[in-house]
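1. just to be clear, the model below is a prediction. Sequence and coordinates:
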Amino acid sequence: MSKPEAYTIGEMSRRSGLSVRALRHYEEQGLLTPGRTSAGRRFYTLADMLVLARISLLKRAGFSITQIRTLQAKGAPDAAALVDAQAEYLNEQMEKIISSLDVLDQVRRRLKSGEPADAESLCQLIQTGVNVIEQNSWKKIYNRYYTLEEQEKWAQAKGKMCEAIDIEEYNQRWTDLAMRIGKALPLDPASEKAQNFLQEWNKLLEPLETILSPNMMEGASRLWRNIDDWYGQVDQPFTPRMIKFITAAKAAAKNTHKQR
């Protein structure tokens, strides 16, 4: 009997269209278990491709990583449940398309009214459409972790922050920090470099801590502790691995403080 064809992680990434980071993330979450060569390198087979196809379908259907893990533990998902989930996903996509069409209507009205259709204004309107879709995705995540009253308080807090600081520059600082942490990992959470990252993290939290109540800050912490459940559904710079690293760095800092 011939051996099943095996693929390296790079080959699997090219064939599946998934990033190497996504493949490793699924492995970390226990969704995928590639084989290992005698040298310890990962390899993937047709069976792994079938698992990835099922994961992709479930993610498109709106299932979280935790839910997918539970379904895998129970065996093959119920076909009827998958059909229902996929129908729900398509309905959600239709809502996003309608939002995008609304933006295009804005462009059309501006053109008909004789307003200049320069590239800058058109790009701004298109970006508005992108933001609407992104906001809808975040809204679904917020609904899991915050009441409507808490979401209203968040909106008010964001308004105050926009008045107090350059929000675009503030968001860019978070993105820069995420990029540097990602390049540095793996890293000992107790190391000086890790603790410097943690200090930057805490410094960036200061504007939020001056505006948000302790309960709201705890809600934000709870959201990020559960990043595995919503990672990939919205565009944001931090990965689950990075959040776990920051959590470990906080624990290391506490242990160092206790020992003093």
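-> That came through fine. Since the structure is predicted, the reported quantities are computational estimates derived from the model, not experimental observations.

2. just the mean pLDDT for stretch 186-203, thanks.
-> For stretch 186-203, the mean pLDDT works out to 94.

3. next: stretch 22-33.
-> Throughout stretch 22-33, pLDDT has a mean value of 86.

4. and stretch 228-237, by the same measure?
-> Mean predicted confidence for stretch 228-237 is 80.

5. return the distance of it from the chain's centre.
-> 1 Å (C-alpha atoms, centre = their mean, to the nearest Å).

6. packing partners of the helix or strand harbouring residue 59?
-> Assigning secondary structure by DSSP states H and E places residue 59 in helix 46-60. Contact partners of helix 46-60 among helices and strands, from 3 or more C-beta pairs under 8 Å, 6 or more residues apart in numbering; DSSP states H and E: helix 9-16, helix 20-28, helix 65-73, helix 79-112. No exception for glycine: its C-beta is placed from N, CA and C like everyone else's.

7. tilt between that helix and helix 20-28?
-> 100 degrees (axes from the mean of the first three to the mean of the last three C-alpha atoms, to 10 degrees).

8. which one of the helices and strands packed on helix 46-60 has the lowest average pLDDT?
-> helix 79-112 (a mean of 68).

9. next, the most centrally placed residue in the chain: phi, psi?
-> Using C-alpha atoms, centre = their mean, the residue of the chain that lies closest to the mean C-alpha position is residue 231, 3.1 Å off. Dihedral angles of residue 231 (phi, psi; degrees, to the nearest 10) stand at phi -60, psi 130.

10. isn't it up against residue 65?
-> Yes: between residue 231 and residue 65 there is a contact at 7.0 Å, judged by C-beta atoms under 8 Å.

11. quick one: the nearest residue to residue 19 once chain neighbours are set aside and residue 49, what's the gap?
-> Among residues not flanking residue 19 along the chain, residue 13 sits closest, at 6.2 Å (C-beta to C-beta, 6 or more residues apart in numbering). Applying C-beta to C-beta, to the nearest Å, the value for residue 13 to residue 49 is 12 Å.

12. report the buried residues of the helix holding residue 59.
-> Across helix 46-60, burial judged by 16 or more other C-beta atoms under 10 Å covers 48, 51, 52, 54, 55, 57, 58, 59.

13. may I have it as CSV, with CA atoms only?
-> Taking C-alpha atoms only, helix 46-60 is exported to CSV below (Å, rounded to 0.1, in the frame of the first residue of the first chain):
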residue,chain,number,x,y,z
LEU,A,46,-5.5,14.4,3.1
ALA,A,47,-7.2,13.7,6.4
ASP,A,48,-5.9,17.1,7.7
MET,A,49,-7.3,18.7,4.6
LEU,A,50,-10.7,17.3,5.4
VAL,A,51,-10.5,18.6,8.9
LEU,A,52,-9.5,22.1,7.6
ALA,A,53,-12.4,22.1,5.2
ARG,A,54,-14.8,21.3,8.0
ILE,A,55,-13.3,24.1,10.2
SER,A,56,-13.5,26.6,7.4
LEU,A,57,-17.2,25.7,6.8
LEU,A,58,-18.0,26.0,10.5
LYS,A,59,-16.2,29.4,10.8
ARG,A,60,-18.1,30.7,7.7
